[in-house]
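Chemist: What shape does this take:
(2 chains)
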Protein chains: 2
Amino acid sequence: MTDLKNDRFLKALLREPVDTTPVWMMRQAGRYLPEYKATRQQAGDFLSLCKNTELACEVTLQPLRRYALDAAILFSDILTIPDAMGLGLYFEQGEGPKFKKTVRTEADVTALPMLKTADSLSYVTDAVRMIRRELNGRVPLIGFSGSPWTLATYMIEGGSSREFTQTKQMLYRTPALLHALLQHLAGAVTEYLNAQILAGAQAVQIFDSWGGALAHREYSEFSLQYMQKIVNGLIREHEGRRVPVIVFTKGGGQWLPQMLACGADALGLDWTTSLATARQTVAGQVALQGNLDPSTLYASPARIREAVRLMLADAYADGVNTGYVANLGHGITQWVDPAHAGVFIEAVHELSAPYFG
Amino acid sequence: MTDLKNDRFLKALLREPVDTTPVWMMRQAGRYLPEYKATRQQAGDFLSLCKNTELACEVTLQPLRRYALDAAILFSDILTIPDAMGLGLYFEQGEGPKFKKTVRTEADVTALPMLKTADSLSYVTDAVRMIRRELNGRVPLIGFSGSPWTLATYMIEGGSSREFTQTKQMLYRTPALLHALLQHLAGAVTEYLNAQILAGAQAVQIFDSWGGALAHREYSEFSLQYMQKIVNGLIREHEGRRVPVIVFTKGGGQWLPQMLACGADALGLDWTTSLATARQTVAGQVALQGNLDPSTLYASPARIREAVRLMLADAYADGVNTGYVANLGHGITQWVDPAHAGVFIEAVHELSAPYFG
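Modeler: Coordinates of the predicted model:
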């Protein structure tokens, strides 16, 4: 394998010295880029794009051609696992993801197959290998998965949801059944992420997109606990390097003290949390990643730069100039001008210079 | 006016001694009650029910006939103000609220009329007066309004939203325009709540349902600041009693330190926040209200009681047995069995006894 030319992203996650603040954007391969839209049209639909190794590789690399990003992230979807389990993922125009089958009964849970990435998700590991080859050591590649709780909400509801009525009913009425589903998913996510690591992912992120819908006690029991199991089961060293793990619970800012114990190298933050407060809370035990409101990119370049300046001041308010990866607090939206995304990336590198003086 | 027979709700909000934990439920007059559904059918639709003084009074009182609630809350909608401003509120079957007109330009903001509750919202104050008469001092009556930020999101988007794209674009691109709208709304909400207080509301709650969508700095600037203006402008004493104000920002658990300064007597909490931690944070400066996950009411009576026991232990973990009002962390859902709501109410009164020994 080629040596990494830019490893500041991995180093920052491990709280090792870096030369500048590393930065990437969640959903950086996405609809705000005209070249992405063109490739997606070529693929047919979103899911076909995910499953087409060459085109998935292409859209992964597109934002790196435009911006000085410090990491690439595999282009894929968080719902590949339930799709591979036979639930029939599909996307309707203008709506979120949907499943043909739902998982609501004991029989439904028992019927779920064991996941074998090598069999049913080889398109993902093929893409990882091809992207690594194409990146040729320019920046590290991030692999990812949805968290068991987040996957479970989609599988139980049959799609995205506002109130998670079915999921919450299962949680409060038949918690043992939900635990059985989460346990099954934790095994699957572990196997899936390990396959990505073996194929060449140099860091992995667990997206707990709906963890914030849980009550404070239930978050530990129904989401964090299973992410901790996954982290414990991951291959943590590969190609002679440590493989850092990032756990991102959207809406989880209040739960950082609990999350510290889950074994992740870094925790992601959404835009509702003060980075300065979060740095105090984690007290150097883990790195942090985030957390500009993605909507900030609607602002003028001058305002974007000012927001980045404030974010960096918060991130390094504790006087420690590592253990931080700049990012948005959630995925970039399709309404952002690509030039504004560029302003954000440049501002991070430029305005962090004083901290590395 | 008749003397209040049960004032423990008002006393707890003012951190005065109480004999037991007061309890009410957000959206306690709602679709989980068959008698509510019958009255709503009689009215025609939701908005007609809000505007029919007698039927609005009837549904306000319905939950008090079933449960030993310690407060009544005016049956109305948070969107009465923009409706009275001429935006044309309507509800489509199975969807959220919508407006015929949106507010997106300077001309749109300038065109908004000054609100005069006596002219355009007399159906609300008429209902307040009738409910007070019918309550006959049994429990206090809560008036309410949406927060300026929350009202603005509906007015700008033209309905409910997931990502608040239009609102966030206004916030980051033309913040002065958004401030003009919020300033106008703060005046309207103040006038509206004062009219409710003069008509007989004995406490008021400001629902900042979408405050949690803001970034941590923007929350202060675009939501909290305007709620503070409102609180400063409210009539705080009426009928020889202090009129307590509750501010509830859903998703605002991380911002309690900022919220302490807004002048509210009490802060509402959703279910993501630990009550024990929140009590430490507010350190007796304000009362707290909340915060059981409404979905907990899907559980068995035994589990509901256990959840109430834990909530009370958290609420009084600081050893102070007032300054707390039990409630759900958000509105009760239509899928709850009314008997389970009864278990919740009874459990609060019964299981709090040890704290008042």
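
Chemist: and the residue lying closest to A:Gly233 once chain neighbours are set aside, what does it touch?
Modeler: Of all residues not flanking A:Gly233 in the chain, A:Thr190 sits nearest, at 4.0 Å (C-beta to C-beta, 6 or more residues apart in numbering or on different chains). Bear in mind the C-beta positions are built from the backbone N, C-alpha and C, glycine included. Contacts for A:Thr190 (C-beta atoms under 8 Å, 6 or more residues apart in numbering or on different chains) come out as A:229-230, A:233-234.

Chemist: what about A:Thr190, distance to A:Thr80?
Modeler: 15 Å (C-beta to C-beta, to the nearest Å).

Chemist: And the furthest pair within the contacts of A:Thr190?
Modeler: Between any two of the contacts of A:Thr190, the greatest separation by C-beta to C-beta is 10.0 Å, found for A:Lys229 and A:Leu234.

Chemist: Show the pLDDT at A:Met1.
Modeler: Looking at A:Met1, its pLDDT stands at 50.

Chemist: likewise A:Trp255?
Modeler: In this model, A:Trp255 carries a pLDDT of 98.

Chemist: Where does it sit: helix, strand or coil?
Modeler: Look at A:Trp255: counting by DSSP: H, G, I helix; E, B strand; the rest coil, its state is helix.

Chemist: which one is it nearest to, not counting chain neighbours?
Modeler: A:Tyr219 (5.6 Å).

Chemist: what's in contact with the host helix or strand of that neighbour?
Modeler: For A:Tyr219, the element it lies in under DSSP states H and E is helix A:216-219. Helix A:216-219 is contacted from outside by A:171, A:211, A:249, A:252, A:254-255, A:258, B:271-274, B:293, B:310, using C-beta under 8 Å, 6+ apart.

Chemist: Tell me the most packed of the residues you listed, by neighbour count.
Modeler: In terms of neighbour count, A:Thr249 stands highest of the contacts of helix A:216-219 at 30 neighbours, by other C-beta atoms under 10 Å in any protein chain shown.

Chemist: From chain B, how far out is that one?
Modeler: 11 Å (C-beta to the nearest C-beta, to the nearest Å).

Chemist: What residues does chain A have near chain B?
Modeler: With C-beta under 8 Å from any C-beta of the partner chain as the criterion, chain A meets chain B at residues A:162-165, A:168-169, A:171-173, A:212, A:214-219, A:251, A:253-254, A:271-274, A:277, A:293, A:295-300, A:303, A:310, A:329, A:333, A:335.

Chemist: which among those residues end up buried?
Modeler: A:164-165, A:168-169, A:171-172, A:212, A:214-219, A:251, A:253-254, A:271-274, A:277, A:293, A:295-299, A:303, A:329, A:333, A:335 (16 or more other C-beta atoms under 10 Å in any protein chain shown).

Chemist: which regions of chain A sit below the pLDDT cut-off?
Modeler: A:1-2 (pLDDT under 70).

Chemist: what about the strands in it?
Modeler: With DSSP state E as the criterion, chain A has strands at A:72-73, A:89-91, A:97-99, A:141-146, A:203-208, A:237-238, A:241-242, A:245-249, A:266-268, A:287-292, A:324-328.

Chemist: can you list the ones you listed in a markdown table and add distance to A:Ala111?
Modeler: Below are the strands of chain A laid out as a markdown table (distance: least, C-beta to C-beta, whole Å):
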| stretch | distance to A:Ala111 |
| --- | --- |
| strand A:72-73 | 32 |
| strand A:89-91 | 17 |
| strand A:97-99 | 14 |
| strand A:141-146 | 20 |
| strand A:203-208 | 25 |
| strand A:237-238 | 34 |
| strand A:241-242 | 38 |
| strand A:245-249 | 29 |
| strand A:266-268 | 33 |
| strand A:287-292 | 37 |
| strand A:324-328 | 38 |
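
Chemist: all helices in the stretch 251-357 of chain A, in order from the N-terminus.
Modeler: A:256-259, A:275-282, A:301-315, A:338-351 (DSSP state H, counting those that start in this stretch).

Chemist: and the third one, how far out from the chain's middle?
Modeler: The chain centroid and the centroid of helix A:301-315 are separated by 23 Å, computed with C-alpha atoms, centre = their mean, to the nearest Å.

Chemist: How about stretch A:41-53?
Modeler: 20 Å.

Chemist: Could you do stretch A:245-264 as well?
Modeler: Relative to its parent chain, stretch A:245-264 has a centroid offset of 13 Å by C-alpha atoms, centre = their mean.

Chemist: Stretch A:176-189 too?
Modeler: With C-alpha atoms, centre = their mean, you get 20 Å for stretch A:176-189.
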